[in-house]
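Participant: I need the structure of the sequence given here:
(2 chains)
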Amino acid sequence: MAQIRIEDVRKDFGSFTAVKSSTFTIEDGEFFMLLGPSGCGKTTTLRMMAGLELPTAGRIYLDNEEVGQKPASERDIAFVFQMFALYPHMNVRNNISYPLKSQGMRRDEIRRKVAEVAEILAITDILDKPVGGLSGGDRQRVALGRAIVREPKAFFMDEPLGALDAEFRERMAEELRALHDRMNATTVYVTHDQLEAMQMGDKIVVMNHGVVEQFGVPQDIYDWPATKFVAEFIGSPPMNFLRFNGSVAKGQDSIALDGTEIAVPPSIDERSGELALGVRPEFVKLDDASSYRGRIAASEYLGTTQIVTIDTPSGRIRARIPSDATAREGETVGLRFDARTLTIFDDATGRALRSQGNREVLEHG
Amino acid sequence: MSLSVTDPNPRTKWIAGALVIGYAIVTIMPLLWIIATGFKSPADSIAYPPKVVFEPSLEGYVNLFTERTRATEGMLEDAGPPTTWYERIVRDQGMVITGPSRYGERFLNSVIIGFGSTALCMLLGTMAAYAFSRFRVPLKDDLLFFILSTRMMPPIAVAIPIFLMFRGLGLNDTHLGMILLYTAVNLSLSVWLLKGFIDEIPVEYEEAALIDGYTRFQAFYKVVLPQAATGIASTAIFCLIFAWNEYAFAVLLTSGTAQTAPPFIPTIIGVGGKDWPAVAAGATIFLVPVMVFTILLRKHLLRGITFGAVRK
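Facilitator: Below is the predicted model of the structure:
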């Protein structure tokens, strides 16, 4: 198992730059998520780590060995493709044993290993079937079997659950995570689904337009987004932005929003101009005592909670409140924000200003 | 009555069946005619009205494979009574066998040149198609168009330059020359057809093989080739049919050692009157290899013709 380090990696396809100077480290044994919208460069990054694409510039270290320009076959890694890519002209057993055959392993040894892997994945009964007739879940297990049978340095997975039905997806996500915990293997997993990333990942890299936006543990990324993009991409509904024109000085712990003082974590950066106050929907509280007011435009009932859409002087925001709270359309309500959770963004650059709240998260990475 | 879209109603099926049978009769009739003529006597073969029921005879086949001469009394005495069934057939015509004909060699030439050029064409075509399908080839579209453009005129249009070139290179009337020529003619179609088939094979299969520790070439022949088998088979049939049936270049460029069956068959007719049964026998035997090859690969051929029509 291995640590993977990406340093200043860049990938150009002709005049198009898919990945711009990415740097991050994946620790040994981590379940690491590459998250971002389609076309953000996450799959290209993964393929460069695997050796299916060679980087235009930069270095990739696998266990301190520079492998950036090495072909995939020499990197000793496993890759699970979105469409599984099981060899259609072979049965399940041959699919799983194929990577072992390339190593010239003895036949009885191969048989033993395949049986062992089949046991782990509960696919012993389908070993001699052709792969053509298998269900999505079984194909997924065979693809995993082919990956784990050779005990590679790392697993790379490109949206492995994307091709599955919703019902299978939940189960396979759990199985994948359980499998990872059991093998304790370094796993890099590409997804565009932020819920999947939060649910399964030890660490997440959020990418957009070929740039690493933020990198860290799910909780930190959710609580203290480094950019507006991350704040919006992660969380459903996304973080609200209340735009205002003003200034923030060092140590300042409140801002004026349409004449109302709002407490924020003491700022470290200074900035003036177009700013945006970011607040997660679950930290917006309806409180008639508050002088900051808005008008309820709509509410959606979601079982245990409801999402209330509120028009404020600084823009439309959404709040997640208990479903038993009353929120009638057209009503004007007072709004209170939980001061410890707020982030101020520079609206022009999209970057978060550092404060006592997010300094640890933003300064470590 | 069923309202299913995919299941036609009985009357539609009946009409479709009748049309198919009608078309089959039109196309199979000349074939049956040739096969029947091969088993007729020379008199029956030119009888008018044509005989559908006739007494079968192997005269045509015997004449095809033998050289004969009209026998004089003395020759018949020297030869003694006929010892084999085919000698008897020749004697009945008042002739004696002077030796085997060259049909056997010519047929063998056709086999060597036809299958040789098909094999070479598949080897080069598959690799070229793979490269065009998978790699970033500079000027790829121009090259592909250029390859296709070699088929925009009938190959025989360049007969004279090829003739001169072959003469200069000493390739006239050689097996190698004919194999190279047919390969060159067929390669453009092969590259295009095979590229279509390889394009349909997801690149992930090869990537999986690369990850599994195989080299690119191993991935090509262990993973891509088995999946392109259908495409290779159907392309091979097209190539073989062209090379097998080709007449014009064969007449022009071969005369002795490398002559194929197509230019030879018409010459049979000149031996002592119009020997239609022998010509028909030669044509019938000539049809057999392509028919066997096509029947063996017919599933692939059908898929080859309709390829790309339905996405998997």
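Participant: Strands of the stretch 1-150 of chain B, start to end?
Facilitator: Assigned by DSSP state E, counting those that start in this stretch, the stretch 1-150 of chain B shows strands spanning B:66-70, B:95-100.
Participant: Which residues of chain A lie near chain B?
Facilitator: Residues of chain A lying close to chain B by Cβ under 8 Å from any Cβ of the partner chain are A:50-52, A:71-73, A:76-79, A:81, A:83, A:85-89, A:98-99, A:102-103, A:146, A:150. All C-beta spots, glycine's among them, are computed from the backbone N, C-alpha and C.
Participant: let's see 6 Å
Facilitator: Residues of chain A that fall close to chain B, judged by Cβ under 6 Å from any Cβ of the partner chain: A:52, A:72, A:73, A:79, A:81, A:85, A:89, A:98, A:99, A:102.
Participant: List the contacts of the third one.
Facilitator: Contact analysis of residue A:73 by Cβ atoms under 6 Å, 6 or more residues apart in numbering or on different chains lists B:210, B:213.
Participant: can you do 10 Å?
Facilitator: Each residue near residue A:73 by Cβ atoms under 10 Å, 6 or more residues apart in numbering or on different chains is listed here: A:51, A:99, A:102, B:209-216, B:218-219.
Participant: export the residues you listed to TSV and tack on secondary structure, distance to residue B:13 and pLDDT?
Facilitator: As requested, the contacts of residue A:73 are exported to TSV (DSSP: H, G, I helix; E, B strand; the rest coil; distance: Cβ to Cβ, whole Å; pLDDT from 0 to 100):
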residue	secondary structure	distance to residue B:13	pLDDT
A:51	coil	56	92
A:99	helix	51	92
A:102	helix	52	89
B:209	helix	46	93
B:210	helix	50	92
B:211	helix	50	92
B:212	coil	49	91
B:213	coil	53	90
B:214	coil	49	92
B:215	coil	53	91
B:216	helix	50	90
B:218	helix	49	92
B:219	helix	46	92
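Participant: Most neighbours of all the residues you listed, which one?
Facilitator: Comparing the contacts of residue A:73 by number of neighbours (other Cβ atoms under 10 Å in any protein chain shown), residue B:211 comes first, having 31 neighbours.
Participant: right, and that residue touches residue A:143 too?
Facilitator: No: applying Cβ atoms under 10 Å as the test, residue B:211 and residue A:143 come out as separate, 11.3 Å apart.
Participant: Which neighbours do these two have in common?
Facilitator: Common contacts of residue B:211 and residue A:143 (Cβ under 10 Å, 6+ apart): A:78, A:79, A:80, A:81, A:85.
Participant: Looks to me like the second one is in a strand.
Facilitator: Yes: counting by DSSP: H, G, I helix; E, B strand; the rest coil, residue A:79 is located in a strand.
Participant: On the pLDDT front, check it for me.
Facilitator: We have a pLDDT of 93 for residue A:79.
Participant: Show me the domain layout of chain A.
Facilitator: Following automatic domain parsing, one gets these domains for chain A: A:4-223, A:236-364.
Participant: Just say which of the ones you listed is most tucked in.
Facilitator: Comparing the domains of chain A by mean neighbour count (mean count of other Cβ atoms under 10 Å in any protein chain shown), domain A:4-223 ranks first with a mean of 19.
Participant: Which single residue in the stretch 151-300 of chain A comes nearest to chain B?
Facilitator: Of all residues in the stretch 151-300 of chain A, the one sitting closest to chain B is residue A:156 (8.3 Å; Cβ to the nearest Cβ).
Participant: where's that residue, which helix or strand?
Facilitator: strand A:154-158 (DSSP states H and E).
Participant: Quick one: mean pLDDT for that strand?
Facilitator: Mean pLDDT, computed over strand A:154-158, is 92.
Participant: Quick check: next helix or strand after it?
Facilitator: Using DSSP H and E, the helix or strand that follows strand A:154-158 towards the C-terminus is helix A:166-183.
Participant: what angle separates that following helix from strand A:154-158?
Facilitator: Helix A:166-183 runs at 170 degrees relative to strand A:154-158, counting by axes from the mean of the first three to the mean of the last three Cα atoms, to 10 degrees.
Participant: So residue B:121 versus residue A:347, what's the distance?
Facilitator: Residue B:121 sits 65 Å away from residue A:347, taking Cβ to Cβ, to the nearest Å as the criterion.
Participant: in what helix or strand does the nearest residue to residue A:218 once chain neighbours are set aside lie?
Facilitator: Excluding its sequence neighbours, the residue lying closest to residue A:218 (Cβ to Cβ, 6 or more residues apart in numbering or on different chains) is residue A:198, at 4.6 Å. Here residue A:198, judged by DSSP H and E, is contained in helix A:194-200.
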